[in-house]
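> here's a sequence, model it:
(chains A, B and C)
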Amino acid sequence: MNVFRRFVTTVMSTSKTKYWLLKAEPDSRIVKGKDVKFSVDDFEKVKTSPWEGVRNYEARNLMKEMKEEEQALFYHSNCKTPGRAVTKTYRAYQLTHNRCSRGIAAFAKVSKEAYPDYTAWDSSHPYFDPKSNKDDPKWFMVDLTFSTRAANFVPLALLRFLADQPSSQPPEDLAYLGEKGVKAIKTMDLVTRGRLSVQRVGEDGWEAIQLLAEKGGWEELDLKPKKKGPAKGKAKEKDAEDGSKTKPEKKKNKRKRKDEEDEDEHELSNPSDEEEKPPASRKRREEEKGLQEISNPPTRRSMRNRK
DNA sequence: GCCAACGTTGGC
DNA sequence: GCCAACGTTGGC
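Presented below is the predicted three-dimensional model:
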């Protein structure tokens, strides 16, 4: 009995493997004369790469939590290429063919735990930050090692499509996902808060992505976001309520600096203490999230199917 | 410490 | 290319 219990706890604690998602830009973008592009091809070629250039506290803190051997999704973000503008035609093509380079392209492993991001100290570097120095590094990075490509590139549009569905019933073609899979996708940070460049991924989410990447099967689905009525204007009115034409209504409330986070989070190995003292911005976000869940307003995307 | 303006991100 | 979202800065 005891042995069994010990076994169980051991398994449980070791199987507390965490999963992550990290974004990179697959298209060229020139910053301070240097190209910050890093595509799945680049990744596959170099095999192991430091994840430098993360300049967001929350993302940094997540990287500090990462442990060697933990697994990660490699995500292609923004596919626009400045300097070679995305044409309307191309955009239309993307939409009609569900083609878009945004999505999960590969799998990786953490191969080195967080260490100071030295690119912040190099004034010629695109990610130079004068406020960081060797004695008190402000930014950190991990090393990631390429594992394998996703047999089927898992487009963001697909995840959004699934997340936007009213039910958790997967479409027939993706029955293998099960309700569990769809539910997991609905709650992925990737879907609920696009901008974070380093994200946590739950076990169910991880499994769902694995399945999608392995099995595919969404060719027949129309992934175009549904337009939900005259959403754009509607949503705004709703937000502003009778506040009428308050143009800058976006300011909302407290916007606070987060350097205190910088200060006292040298050991945030414990995820729960992160929970306990969230930065103001996160608090706000969570408040909003709570509201969202209650009122279930149109998604960001559906709010602006302009034209 | 608060908040408006600003700049960046990134989806479309 | 456009613009909403949202983090950061800086004035008060």
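
> so chain A: which segments form each domain?
A:18-223, A:225-307 (automatic domain parsing).

> could you tell me the least trusted of these?
Looking at these, the lowest mean pLDDT belongs to domain A:225-307 (a mean of 36).

> how about the strands in chain A?
Applying DSSP state E to chain A gives strands spanning A:19-24, A:30-31, A:34-35, A:48-50, A:71-76, A:103-116, A:140-155, A:198-201.

> so which of the ones you listed is nearest residue A:58?
strand A:198-201 (7.9 Å; C-beta to C-beta). Yep, even glycine has a C-beta here, placed from its N, CA and C like the rest.

> buried residues, that closest one. List them.
A:198, A:199, A:200, A:201 (16 or more other C-beta atoms under 10 Å).

> test my guess that the last one contacts residue A:188.
Yes: counting by C-beta atoms under 8 Å, residue A:201 touches residue A:188, with 6.8 Å between them.

> quick check: closest non-adjacent residue to residue A:127.
residue A:53 (4.1 Å; C-beta to C-beta, 6 or more residues apart in numbering).

> now residue A:43
residue A:146 (5.0 Å).

> okay, now that neighbour: neighbour count?
Using other C-beta atoms under 10 Å, residue A:146 has 20 neighbouring residues.

> that one pairs with what?
Counting by DSSP bridges, residue A:146 forms beta bridges with residue A:108.

> spit out the contact partners of it.
A:43, A:44, A:46, A:47, A:48, A:74, A:106, A:108 (C-beta atoms under 8 Å, 6 or more residues apart in numbering).

> same thing but 7 Å
A:43, A:44, A:47, A:106, A:108 (C-beta atoms under 7 Å, 6 or more residues apart in numbering).

> farthest pair in those residues?
A:47 and A:106 (11.5 Å).

> more neighbours, the two?
residue A:106 (23 against 12).

> measure residue A:57 to residue A:64 for me?
10 Å (C-beta to C-beta, to the nearest Å).

> please disregard the earlier target; I meant residue A:127.
With C-beta to C-beta as the criterion, residue A:127 and residue A:64 are 17 Å apart.

> cool, and residue A:47?
From residue A:47 to residue A:64 the distance is 23 Å (C-beta to C-beta).

> can you redo the buried residues of strand A:198-201 as JSON lines with distance to residue A:31?
What follows is the buried residues of strand A:198-201, written out as JSON lines (distance: C-beta to C-beta, whole Å):
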{"residue": "A:198", "distance to residue A:31": "19"}
{"residue": "A:199", "distance to residue A:31": "22"}
{"residue": "A:200", "distance to residue A:31": "27"}
{"residue": "A:201", "distance to residue A:31": "27"}
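
> so which of those comes closest to residue A:156?
residue A:199 (12.7 Å).

> returning to what we had before: of the strands of chain A, which is nearest DNA strand B?
strand A:19-24 (5.9 Å; C-beta to the nearest atom of the strand).

> ok, stretch A:142-158 near DNA strand B or not?
Yes: residues of stretch A:142-158 contacting DNA strand B under C-beta under 7 Å from any atom of the strand: A:156, A:157.

> can I get that stretch in CSV, CA atoms only?
Taking Å, rounded to 0.1, in the frame of the first residue of the first chain, the C-alpha atoms of stretch A:142-158 are listed here in CSV:
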residue,chain,number,x,y,z
VAL,A,142,16.8,29.5,-22.2
ASP,A,143,18.2,27.3,-24.9
LEU,A,144,15.8,25.3,-27.0
THR,A,145,16.7,22.3,-29.0
PHE,A,146,14.7,21.3,-32.1
SER,A,147,12.9,18.0,-31.8
THR,A,148,10.8,17.5,-34.8
ARG,A,149,8.6,19.3,-37.2
ALA,A,150,4.9,19.1,-36.9
ALA,A,151,3.8,16.6,-39.6
ASN,A,152,0.9,18.9,-40.1
PHE,A,153,1.5,22.5,-39.5
VAL,A,154,-1.2,23.5,-37.0
PRO,A,155,-2.5,26.9,-38.1
LEU,A,156,-3.6,29.4,-35.5
ALA,A,157,-6.7,29.8,-37.6
LEU,A,158,-7.7,26.2,-36.9
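
> what are the buried residues along that stretch?
A:142-146, A:149-150, A:152-158.

> cool, thanks, talk later.
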